[in-house]
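>>> I would like the atomic coordinates for the input below:
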Amino acid sequence: MRIQFNITDNEQVFATSYLVADRTSVNGIPLSEAEAGYVLKQLAENDLAIVNRYNEIIVVAFADRTKGEGQFLEQCRKRGNEISAIMRKEKIDGITIVVTGNEADASLALAEGLALGSYQFAKYQSA
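Residues are numbered from 1 along each chain as shown. Predicted coordinates:
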């Protein structure tokens, strides 16, 4: 599977990933009231919450900023890897990364996790 990262103004994408640093708030994420309640319940128990709409999948990922910069960025990479597995399972080719707040380092780490998680060595694999 080939994943391509694009920076675009087009909001018509199939998958959107939101990285949050607070498990108790989904402010700024376009969710219905029922979806927001579901996401908050999932984030209380897990680090990922998935909302599967008819025309798109929304993934909300949590990374804890209070554990230090290095651990926070590693959590972002791990969330990217987990999102990559979801994309592979759902056969999604593109994703938009949205980080709540102004944290370019977090979006880069999440993209790194996505890229590393999507790598497959298939040179000697038979058809």
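>>> quick one: residues contacting Ile50.
Gln42, Ile57, Ile58, Val59, Val60, Ile86 (Cβ atoms under 8 Å, 6 or more residues apart in numbering). Bear in mind the C-beta positions are built from the backbone N, C-alpha and C, glycine included.
>>> redo that, cut-off 10 Å
15, 17, 38-39, 42, 57-61, 83, 86, 90 (Cβ atoms under 10 Å, 6 or more residues apart in numbering).
>>> out of the residues you listed, list just those in helices.
Tyr38, Val39, Gln42, Ile83, Ile86, Glu90 (DSSP state H).
>>> tell me the one of the contacts of Ile50 nearest Glu74?
Glu74 has its nearest neighbour among these in Ala61, at 13.2 Å by Cβ to Cβ.
>>> related to what we said a few turns ago, reformat the ones in helices among the contacts of Ile50 as CSV; add distance to Arg53.
What follows is these, written out as CSV (distance: Cβ to Cβ, whole Å):
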residue, distance to Arg53
Tyr38, 12
Val39, 12
Gln42, 15
Ile83, 16
Ile86, 14
Glu90, 12
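>>> among those, name the buried ones.
Among the ones in helices among the contacts of Ile50, those buried by neighbour count (16 or more other Cβ atoms under 10 Å) are Tyr38, Val39, Gln42, Ile83, Ile86.
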